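Asker: coords below, sequence missing:
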């Protein structure tokens, strides 16, 4: 499986997926004009990987400053897939990074964490 690297723009986040290392990074702002078009290709690889992870553990690092409601739906779907992989016995770690003074992003992270029972979740401040 290939690595994925998509550079951030003013409206889209940086995406990095390194399957051999079990690492997925999403950082920046996410309000693409066409959310489905932006996320479909890279996340299809992530979903394929989650069916049978190759690394001993997989870490998802989210460091978002802002995202819109259609991006939130994409994130929720991803969290569901991560939880399913964890339930299947794979070690899944989610880190939700937010600025110390960004109460909104902290609350959103807490809400997403409620969807995860088996996957490990950590709020990380910077």
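Answerer: Looks like it arrived, so ask away. Keep in mind that this is a model prediction, so the values were computed, not measured.
Asker: what's the longest strand along the chain in contact with?
Answerer: Of all the elements of type strand in the chain, the one with the most residues (DSSP state E) is strand 57-67. Contacts with strand 57-67, where a contact means CB atoms under 8 Å, 6 or more residues apart in numbering, come from 13, 22-31, 49-50, 75, 78, 82, 85, 90-99, 102, 105, 109, 126. Using the backbone N, CA and C atoms, a C-beta is placed for each residue, glycine as well.
Asker: Can you tell me which of those residues end up in helices?
Answerer: The subset of those located in helices under the criterion DSSP state H comprises 49-50, 75, 78, 82, 85, 105, 109.
Asker: would JSON lines of those with distance to residue 35 be doable?
Answerer: Written out in JSON lines, the entries for those read as follows (distance: CB to CB, whole Å):
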{"residue": "49", "distance to residue 35": "21"}
{"residue": "50", "distance to residue 35": "20"}
{"residue": "75", "distance to residue 35": "11"}
{"residue": "78", "distance to residue 35": "12"}
{"residue": "82", "distance to residue 35": "19"}
{"residue": "85", "distance to residue 35": "23"}
{"residue": "105", "distance to residue 35": "19"}
{"residue": "109", "distance to residue 35": "20"}
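Asker: Sweet, I'm off.
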